[in-house]
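Student: Requesting a structural model of the entry that follows:
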Amino acid sequence: MTDQPRSHSFPTPGPTRLRVELPSGRITVVADAGGETRVELSAPHGDRAALEWIDEAEVADVGGEIVVRNPHRRFMFGFNHCGPIEAVLHAPAGSDAHLSIGAGRIETAGRLGELAANTGAGGIRVEACQSARVRTGSGNVDVLDASGAVDATTGAGQVSIGRAGEVRVTTGAGNARLEEVAGAARFTTGHGNVEVGQAGDSVEAFTASGNIEVRRADHGRVRAKTVSGRVRVGVAEGVAALLDLHSLSGRVRSELAASSPPAEGEKHVELILSTVSGNVSVARA
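Tutor: Numbering: from 1, shown residues only. Below you'll find the predicted structure:
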């Protein structure tokens, strides 16, 4: 057993597949223009169990997939007796990655392909990818740019998404924020606010306790419901809106001027907004 970092290099002239499984610590994946995949494992605290894990770990090309794991020491999320391990991988841009850690953080830089990231407790930050499926028991999730779908779930934590093709977010307790989506977006949260900058083809947002705001919608449908909280939607200038607004014990207000129904083929939005305890408002974006 040695306390020196363990390094490996594999020739990968094009996008490859990565699979990394750690008990605790941090996984960092950097997607760049290189023609190889480099793996470095280290134990920053010098923990004996972490050093033994690294010494025994399998780091290999298995059927075209670069794997980093220790089949002799399986872990369960939340039940680990190992100090932190740092895994840093450099791989060609566009590579797919399946990353799992029992307790710790996952970060990516550069543009990956299809990404799956799971942590029992810890944050996940993704710079860019084709699609992302991310899960954390407790921790924040940040996905800056995904050309395809983002499916994010956290038991307790915030979810922040920049741009995406489609979005599905589920939180037990935590806010969800989305800057821009092209297609459909669906949010479900027990306790937390939902905020959408630019809506796409459709937005569905449901929260038991929290506010829902869509700053700008210019087509499609927005369906939003909260039990305790307010709902607010901004409609783009020049776009007609069909309104179905309800509040049991709050105020309902629309700043849009009354007009005739949109003609066939005319751009419009459909708003179905409701709250049990809170206000509902519609205004121009």
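Student: Can you tell me the element the residue lying closest to Gly148 once chain neighbours are set aside falls in?
Tutor: Of all residues beyond its chain neighbours, the one nearest Gly148 is Ser131 (3.9 Å), with distances taken as CB to CB, 6 or more residues apart in numbering. C-beta coordinates here come from the backbone N, C-alpha and C atoms, glycine included. Taking DSSP states H and E as the criterion, Ser131 maps to strand 124-138.
Student: what's near enough to touch Ala240?
Tutor: Ala240 makes contacts with 259, 261-262, 266-269, as judged by CB atoms under 8 Å, 6 or more residues apart in numbering.
Student: now do 10 Å
Tutor: 256, 259-263, 266-270 (CB atoms under 10 Å, 6 or more residues apart in numbering).
Student: Give me the domain ranges for this structure.
Tutor: 1-98, 140-285 (automatic domain parsing).
Student: how about the ones you listed in CSV, adding distance to Gly113 and mean pLDDT?
Tutor: Listed next are these as CSV, based on distance: least, CB to CB, whole Å; pLDDT from 0 to 100:
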stretch, distance to Gly113, mean pLDDT
domain 1-98, 4, 89
domain 140-285, 10, 95
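Student: I'd like a version of these in CSV, one that adds distance to Glu114 as further columns.
Tutor: What follows is these, written out as CSV (distance: least, CB to CB, whole Å):
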stretch, distance to Glu114
domain 1-98, 5
domain 140-285, 8
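Student: before we move on, back to that, my read: the residue nearest to Gly148 touches Ala97, true?
Tutor: No. Using CB atoms under 10 Å, Ser131 is not in contact with Ala97; the gap is 11.3 Å.
Student: So for these two, which residue has more residues nearby?
Tutor: The neighbour count for Ser131 versus Ala97, taken as other CB atoms under 10 Å, is higher for Ala97 (26 against 20).
Student: partners of that one in the sheet?
Tutor: Here Ala97 sits in beta bridges with Leu18, Leu115, as judged by DSSP bridges.
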